[in-house]
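S.K.: Next input, structure requested:
(one chain, ligands or ions: 1)
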Amino acid sequence: MTPVIAFVGLGHMGGPMAANLVSAGHRVLGFDLVREVLTTASTTGVEVAESAAAAAAEADVVITMLPTGRHVLALYRDQGLLAAAKPGTLFIDCSTIDVADARAAHEAAADAGHRALDAPVSGGVVGAEAATLTFMAGGGEAEFAWAEPLLAVMGRRAVHCGGAGAGQAAKICNNMILGISMIAVSEAFVLGERLGLSHQALYDVASTASGQCWALTTNCPVPGPVPASPANRDYRPGFAAPLMAKDLGLAADALRTAGIDAGLGPRAAELYAAFAAGDGATQDFSGIVHALRDTAADAPKGTTTA
Ligand code: NAD
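M.R.: Alright, predicted model coming up:
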């Protein structure tokens, strides 16, 4: 039988994900704290529930797509989501949250007699709308197998990364690579400018040499070499800088908790936090090239810059 789904958190990502489940023939009971968000969701066929707990009480699967781990744990424990659900309900949290919070969510679900999966996504709003997301899942084999057909409705790929929290671990490790590599590519373009190198010349060399990476060849931070990159449309996201700042903050916390004295992850988190708090608030994360260029411009010639 087609499982009934409760979907809590119908924002930029959750709204289109829930709509895709409706299109695939699922009954979806949705809830969000924001009235306008609920109105939009109802136009896609989501049945608006009175509360998150009321939606969970009727569902076989509860999917959450919320801002932070604090929101997820408060909803699960204090706002009665786990208590309201039928025994054995599968809780899939797709939010990007701290690994420790994800593990706490798994534990709380198990204590309440339920099953759980952490399944954060990559692919952004465009991927959520087009059902081309990648899911990174953590939890038991059986839970993943059960969830897979639902994840296939909302995305193109689902990778089972390991036990509780492994999906979140994969997500923050990947985004730490991405954040650091975007800074590296941006600094290289700024240095190239100082050395009289054209953007195109640096791109032509690095894109086919050992400097090649996604930040350069897909999301190139300067306009020109990659016409589809956000740099060519005034740095409109794309992947918004505040979300990169959030993910790097989670990675920096995880490094600290793991006792790893890393140099670049925490530094990248600092740079993105400062950028996202200022000009970067509404920009794609590749806009950090401006902040790095400004820093370089402030430095007297002949000194090194961050
Ligand atoms: P969003 O702010 O648009 O949506 C979150 C929704 O959760 C909001 O509508 C909010 O009202 C609702 N909410 C918060 N607390 C609630 C509660 N107790 N009960 C019911 N609803 C509640 O955020 P988003 O962009 O959809 O992102 C959601 C998650 O996905 C975040 O963890 C984010 O890091 C992650 N993510 C986002 C993107 C992206 O491109 N936007 C990409 C990958 C991952």
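
S.K.: when you scan the one helix or strand residue 145 maps to, is anything in it near the ligand?
M.R.: For residue 145, the element it lies in under DSSP states H and E is helix 141-154. No: residues of helix 141-154 contacting the ligand under CB under 6 Å from any ligand atom: none, with a closest distance of 12.3 Å. C-betas here are computed from N, CA, C, even on glycine.

S.K.: Just give me the neighbour total for the residue of the stretch 101-250 of the chain at minimum distance from the ligand.
M.R.: Per CB to the nearest ligand atom, residue 124 is where the stretch 101-250 of the chain lies closest to the ligand, at 3.7 Å. Using other CB atoms under 10 Å, residue 124 has 17 neighbouring residues.

S.K.: do residue 104 as well
M.R.: Using other CB under 10 Å, residue 104 is surrounded by 19 other residues.

S.K.: re the thing from before, verify the contact between the residue of the stretch 101-250 of the chain closest to the ligand and residue 244 for me.
M.R.: No: checked against CB atoms under 8 Å, the pair residue 124 and residue 244 is beyond contact range at 11.3 Å.

S.K.: Need the overlap of contacts for these two.
M.R.: Common neighbours of residue 124 and residue 244 are not found (criterion: CB atoms under 8 Å, 6 or more residues apart in numbering).

S.K.: Could you check stretch 75-83 and say which residues are buried?
M.R.: Within stretch 75-83, the residues that count as buried by 16 or more other CB atoms under 10 Å are 75, 76, 77, 79, 80, 81, 82.

S.K.: if you average pLDDT over stretch 91-107, what comes out?
M.R.: Averaging pLDDT along stretch 91-107 yields 97.

S.K.: In contact with residue 18: list those residues for me.
M.R.: Applying CB under 8 Å, 6+ apart to residue 18 gives the contacts 5, 7, 10, 28, 30, 41, 44, 46, 63.

S.K.: One more pass at 6 Å, please.
M.R.: Residues near residue 18 by CB atoms under 6 Å, 6 or more residues apart in numbering: 7, 10, 28, 30, 46.

S.K.: Most widely separated two among these?
M.R.: 10 and 28 (9.6 Å; CB to CB).

S.K.: in what helix or strand does the closest residue to residue 77 other than its chain neighbours lie?
M.R.: Leaving aside its sequence neighbours, residue 77 sits nearest to residue 108 (CB to CB, 6 or more residues apart in numbering; 5.6 Å). Per DSSP H and E: residue 108 is located in helix 99-111.

S.K.: For that helix, which outside residues touch it?
M.R.: 69, 72, 76-77, 91, 93, 116, 118, 164-165, 168-169, 254.

S.K.: What is the helix holding residue 145 packed up against?
M.R.: Other helices and strands packing on helix 141-154, by 3 or more CB pairs under 6 Å, 6 or more residues apart in numbering; DSSP states H and E, are helix 14-23, strand 115-118, strand 133-139, strand 155-162.

S.K.: And the longest one, what's buried?
M.R.: It refers to helix 14-23. So for helix 14-23, counting by 16+ other CB under 10 Å, buried means 14, 15, 16, 17, 18, 19, 20, 21, 22.

S.K.: if we look at the ligand, which of the residues you listed are close to it?
M.R.: residue 14.

S.K.: Closest one to the ligand out of the buried residues of helix 14-23, please.
M.R.: Of all the buried residues of helix 14-23, the ligand sits closest to residue 14, with 5.4 Å by CB to the nearest ligand atom.

S.K.: unless I'm mixing things up, the closest one is touching residue 64, no?
M.R.: No: contact criterion CB atoms under 6 Å: residue 14 and residue 64 do not qualify, at 8.2 Å.

S.K.: Please give me every residue in contact with residue 15.
M.R.: Counting by CB under 6 Å, 6+ apart, residue 15 touches residue 41.

S.K.: how about a cut-off of 8 Å?
M.R.: Here residue 15 is in contact with 37, 40, 41, 44, 128 (criterion: CB under 8 Å, 6+ apart).

S.K.: The second one: neighbour count?
M.R.: It stands for residue 40. Neighbours around residue 40, by other CB under 10 Å: 16.

S.K.: any idea how far it is from residue 32?
M.R.: 9 Å (CB to CB, to the nearest Å).

S.K.: Equivalent analysis for residue 2, please.
M.R.: 23 Å.

S.K.: Give me the more crowded residue out of those two.
M.R.: For residue 2 versus residue 32, the count of surrounding residues by other CB under 10 Å is larger for residue 32: 25 against 11.

S.K.: What count of nearby residues applies to the nearest residue to residue 191 once chain neighbours are set aside?
M.R.: In this structure, residue 191 finds its nearest non-sequential neighbour in residue 296, 7.9 Å apart by CB to CB, 6+ apart. A count of neighbours around residue 296, defined by other CB under 10 Å, yields 17.

S.K.: Please, which helix or strand holds residue 296?
M.R.: If you go by DSSP H and E, residue 296 is part of helix 288-298.
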